[in-house]
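1. Next input, structure requested:
(chains A and B)
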Amino acid sequence: MYRYDIHDQTLVDERVAQFRDQMDRYLAGRLGEEEFRPLRLQNGLYIQRHAPMLRIAIPYGMLASYQLRSLADITRRYDRGYGHFTTRQNLQLNWPAQEDVPDILAELAKVQMHAIQTSGNCIRNTTSDQFAGIANDEVEDPRPWCELIRQWSTLHPEFAYLPRKFKIAVTGAAKDRAAIQVHDIGLRLWRNEEGELRIKVLAGGGLGRTPMIAEVVREDLPWQHLLTYLEACVRVYNQFGRRDNKFKARIKILVKALGIEEYRRRVDEEWAHLKDGPQTLNQAAVDAAKRHFPEPERRPVAESAIADFERLRTENRSFARFVTNNVTDHKVPGYKAVTLSLKRREHAPGDVTADQMDAVADLADRYSFSELRVTHEQNLVLSDVPVDEIETLWNELEALGMANPTVGTLNDIICCPGGDYCSLANAVSIPIAQALQERFEDLDFLYDLGPLDLNISGCMNACGHHHVGHIGILGVDKKGEEFYQISIGGNSTDDVSLGKILGPSFFRQDVPEVVEKVLQVYVAERHEDEHFLDTYRRIGLKPFKERVYAK
Amino acid sequence: MPNNVDTPTEEALVPVHVDHLLLDGELAAENAWCVSYDAVNLPEQRPAFVPLTLWQANKQDEELAPLLLSDTELNAELAAELNPLPAVAIDFPSFTDGRGYSIARLLRERFEYAGEVRAVGDVLVDQLDYMRRCGFNAMALRDDQHPEDALRLLNSFSVRYQTDVEERQALFERRLATSE
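-> I've put the predicted structure just below:
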């Protein structure tokens, strides 16, 4: 993975010094609350319901074991011994003391990490496919490109005060696992018939209050122009995005208001001046970025070992369940990617304790070249596990409570921190997730339901991506009481769609019952092996609505 | 598109003068210029930055210079008009309004404006480093800002990834040059 050189290290160190200076002035009363706000946000620091929250970037989801150990150490020394992985490949600390944050950032800088631009109206952490570099449907490894974008967007002098936050996601695979169509900018790396790398540029997607699917700005951008083109896209947004109403300030509103043709025209006009300029990429620069992501030195795995692995799958039902759900095919025969489930009833989805972090770091050292990935579904991935070690890894994960064989099922709930932590939230979300996990814990039932994304957000900011859950749950506030709106039919992958609201919202205690009714309709109506989403698309909202609101 | 964040009030039409001006990296001995937001009437105080249209109507007055509001769309025609001038001001109606950064870069990089580019309005010490990189060589600090902070924070970083008005080679290029 990417290792800092002297330049990267100096930059994060100087950033820590800058923030320490800002915090000192703030605490001394020389920097006002309002003036401090964007500065702290662009260093990941929120002021939350009970305590500050610090959001740490995990660039495009790549994490080394030594970094995870440092995170564990930080959560013990500065927090309450746990952290929360978010839907955008970040780690949040829920209980740091505000005045400790410069020290925490200094600790992070020691292990080549930071919290730069994890919040605020700027270009955020670039996210990507958790199976980047190992997926067998991959055309191009997105990580070097993400790193080039990370560097371009980090402390960009022109784009620190955009109208609103700005999120970029990149995929290089046939199947989009990065939800690029619901980002401010989505990038798809692909190859044309001549085998040349091209980039499809999407703009104007996003969730939140006004969910929208991105539109295509350019189908076939030659890779050399990635950064100049992004600069043009963001500059047009910086100049013309609305600043009079924060709820209408995202680029999606601008693209919608102008129309994609006019937005494209303005971008192209801007780009005409930037094209072939000094930020044009060349092969040597891309090769240098790619050298940070070498193929690990994988040992050969014997055919017989692969056969043994397959045999074990047929012999051991529990193991088979784990493999079917939590193990993903790898581009190298004999290797697999293993997803560690962070979804257990005892913890909020995405939460990990410091002890678990240490244990997972050890597993990464022993099983997967000391690296791991953070997924937007709030799980962790060991990306390079030889098949003859999966059984022992599985046993170790069982002991850690991270082998829940439910990845991709209804139980693998995506969930924001909600009203238990977040000051923006209208309602709690974690207890909803826990109630649902409790109700639907029978594995045979979960497997029978097949792939099902259930996403929960505690407010319309949609950090839990409820719009793109096959079943989406949104916490709403009505006169001080918590209610939940349920939508169905959302999807974040290639055939993206936004969920449709079933109807009037529900009391908290009724949510599991309502979800159960939705599932009953699906089970009754589905054709053989038909997935929830396909059934919904075939039969529409009406049967679900009728069942749920039947008197 | 409704993009004028601030509707001018009567108070906003009184010319603004601030004491502390950073000029080419140093604290200027004095700041002679005031900034007037009144688009109709010329201020009594001189010299003054006045809204673009008012300046255009009074070009012969050498004690006036143009103030570009943050919604200014800079094009080649306007740039040609500005290019011979010794100074142009760009307004920050609020420090969270980032349009001025783009305007300054365009002035410097696209239209090769060589005179003074001055940041006026809600100019805070924590914005100076980015302003400098975008081509501002003069920053009129909001009155409550400490000039010693400004001098300390003007150059907060010795490393930059991107190209900007000062640096014409991206870090990826400079890295390649040193590794050869």
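2. contacting residues for the residue of chain B found nearest chain A?
-> Nearest residue of chain B to chain A: residue B:98, at 2.9 Å (Cβ to the nearest Cβ). All C-beta atoms are positioned from the backbone trio N, CA, C, and that covers glycine. Counting by Cβ atoms under 8 Å, 6 or more residues apart in numbering or on different chains, residue B:98 touches A:121, A:158, A:159, A:160, A:161, A:162, A:163, A:238.
3. Chain neighbours aside, what residue packs nearest to it?
-> Nearest residue to residue B:98, sequence neighbours excluded (Cβ to Cβ, 6 or more residues apart in numbering or on different chains): residue A:161, at 2.9 Å.
4. ok, so of the contacts of residue B:98, who is nearest chain B?
-> Minimum distance to chain B across the contacts of residue B:98 is 2.9 Å, recorded for residue A:161 (Cβ to the nearest Cβ).
5. Quick check: the closest one vs residue A:117, distance?
-> Applying Cβ to Cβ, to the nearest Å, the value for residue A:161 to residue A:117 is 12 Å.
6. now residue A:260
-> From residue A:260 to residue A:117 the distance is 27 Å (Cβ to Cβ).
7. more crowded one of the two?
-> residue A:117 (27 against 16; other Cβ atoms under 10 Å in any protein chain shown).
8. burial measure for residue A:417, as a count.
-> Counted with other Cβ under 10 Å, residue A:417 comes out at 26.
9. okay, it: pLDDT?
-> At residue A:417, the pLDDT value in this model is 90.
10. Could you do residue A:32 as well?
-> Looking at residue A:32, its pLDDT stands at 93.
11. cool, residue A:49 as well?
-> 69.
12. which ones are touching the residue most central in space within chain B?
-> When chain B is reduced to its mean C-alpha position, the closest residue under Cα atoms, centre = their mean turns out to be residue B:119, at 2.8 Å. Contacts for residue B:119 (Cβ under 8 Å, 6+ apart) come out as B:89, B:90, B:92, B:100, B:104, B:127, B:131, B:136, B:138, B:139, B:140.
13. So which of these belong to helices?
-> Among those, the members found in helices (DSSP state H) are B:100, B:104, B:131.
14. Go back to the residues you listed and keep what's next to chain A.
-> Near chain A, judged by Cβ under 8 Å from any Cβ of the partner chain, the entries from the ones in helices among the contacts of residue B:119 are residue B:131.
15. Of the ones in helices among the contacts of residue B:119 - the most surrounded one?
-> Ranking the ones in helices among the contacts of residue B:119 using other Cβ under 10 Å puts residue B:100 first, with 31 neighbours.
16. Residue B:89 is in contact with that one, correct?
-> No. Using Cβ atoms under 8 Å, residue B:100 makes no contact with residue B:89, being 9.8 Å away.
17. got any residues that touch both of those two?
-> In contact with both residue B:100 and residue B:89: B:68, B:119, using Cβ under 8 Å, 6+ apart.
18. Which strands or helices does the longest helix along chain A pack on?
-> For chain A, the longest helix by residue count, based on DSSP H, is helix A:6-27. Packing partners of helix A:6-27 (3 or more Cβ pairs under 8 Å, 6 or more residues apart in numbering or on different chains; DSSP states H and E): helix A:33-41, helix A:101-110, helix B:147-153.
19. Convert the last one to PDB, retaining C-alpha atoms only.
-> Just to be clear, that refers to helix B:147-153. Taking Å, rounded to 0.1, in the frame of the first residue of the first chain, the C-alpha atoms of helix B:147-153 are listed here in PDB:
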ATOM      1  CA  PRO B 147      -1.200  40.700  12.400                       C
ATOM      2  CA  GLU B 148       1.400  38.600  14.200                       C
ATOM      3  CA  ASP B 149      -0.700  35.500  13.600                       C
ATOM      4  CA  ALA B 150      -1.000  36.500  10.000                       C
ATOM      5  CA  LEU B 151       2.700  36.600   9.500                       C
ATOM      6  CA  ARG B 152       3.200  33.300  11.200                       C
ATOM      7  CA  LEU B 153       0.400  31.600   9.300                       C
END
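20. And the residue of the stretch 301-450 of chain A closest to chain B?
-> residue A:424 (18.4 Å).
21. Which helix or strand contains that residue?
-> If you go by DSSP states H and E, residue A:424 is not part of any helix or strand.
22. residue contacts, it?
-> A:458, A:459, A:461.
23. close enough to count as contact, the second one and residue A:426?
-> Yes. Taking contact to mean Cβ under 8 Å, the distance of 4.5 Å between residue A:459 and residue A:426 places them in contact.
24. Common neighbours of these two, please.
-> Counting by Cβ under 8 Å, 6+ apart, the common neighbours of residue A:459 and residue A:426 are A:475, A:476.
25. in chain A, what spans have low per-residue confidence?
-> A:49 (pLDDT under 70).
26. sorry, that was for chain B
-> Scanning chain B for pLDDT under 70 picks out B:1-11, B:180.
27. Would you state the helices of it in chain order?
-> B:52-57, B:76-82, B:99-105, B:128-133, B:147-153, B:171-179.
28. most packed of those helices?
-> helix B:99-105 (a mean of 27; mean count of other Cβ atoms under 10 Å in any protein chain shown).
29. Excluding covalently adjacent residues, which one is nearest to the residue in the stretch 1-150 of chain A that chain B sits nearest to?
-> As assessed by Cβ to the nearest Cβ, chain B sits closest to residue A:11 within the stretch 1-150 of chain A, at 4.3 Å. With sequence-adjacent residues excluded and distances taken as Cβ to Cβ, 6+ apart, residue A:11 is closest to residue B:159, at 4.3 Å.
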